[in-house]
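Chemist: Here is my input, please return the structure:
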Amino acid sequence: MEIFAVIAVIIITWMAWQLYRAKQFTHFKQQIQSEIKPKVIAAIRAQLEETRSELTPNNDCHVQATINYWCQHPARIMQYALNHEIVTKDSLIEAGNYRHCQHLFHIEKYIMH
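Modeler: Alright, predicted model coming up:
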């Protein structure tokens, strides 16, 4: 009978730990939307305005389509931010979000570009 109590405590502890980790990951995804997404949008606008030419006019429709593509999913936002050095690997490590970023890329690998 005591063995069942020990197993139950272990299972409850493990479930509480998983809930804590899930809340941390959810907070990371919210942080992407609130802090990194505006920086990505500004970078996209700046880049497309700088590269305007006769060949690539980069009008408002093109800018909006590009923003919609890159900001549709948190994984794409992070991918753009890392590729264009808006966020660096070192800053993710310092903030303790490197593992969350790896997990995000793993679960959303089907939408990565």
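
Chemist: Glu49 reaches Asn58, doesn't it?
Modeler: Yes: Glu49 is within contact range of Asn58, at 6.9 Å (criterion: CB atoms under 8 Å). Using the backbone N, CA and C atoms, a C-beta is placed for each residue, glycine as well.

Chemist: if you count what's nearby, which of these two comes out ahead?
Modeler: The residue with more neighbours, out of Glu49 and Asn58 and counting by other CB atoms under 10 Å, is Asn58; that gives 16 against 10.

Chemist: pLDDT score for that one?
Modeler: We have a pLDDT of 87 for Asn58.

Chemist: neighbours of the nearest residue to it once chain neighbours are set aside, just the number please.
Modeler: The shortest distance from Asn58 to any non-neighbouring residue, by CB to CB, 6 or more residues apart in numbering, is to Leu48 (4.3 Å). By the criterion of other CB under 10 Å, Leu48 has 18 neighbours.

Chemist: Using the three-state scheme, assign Arg52.
Modeler: coil (DSSP: H, G, I helix; E, B strand; the rest coil).

Chemist: the helices in the protein, which residues?
Modeler: Assigned by DSSP state H, the helices in the chain fall at 2-31, 37-50, 60-70, 74-83, 89-95, 98-107.

Chemist: for the longest one, packing partners?
Modeler: Using 3 or more CB pairs under 8 Å, 6 or more residues apart in numbering; DSSP states H and E, the elements in contact with helix 2-31 are helix 98-107.

Chemist: can you tell me the average pLDDT over the helix it packs on?
Modeler: Helix 98-107 shows a mean pLDDT of 96.

Chemist: Contacts only, for Glu108.
Modeler: By CB atoms under 8 Å, 6 or more residues apart in numbering, the residues touching Glu108 are 73-75.

Chemist: make it 6 Å
Modeler: Taking CB atoms under 6 Å, 6 or more residues apart in numbering, we find Glu108 in contact with 73, 75.

Chemist: For Asn58, give me phi and psi.
Modeler: Dihedral pair for Asn58: phi 50, psi 60, per degrees, to the nearest 10.
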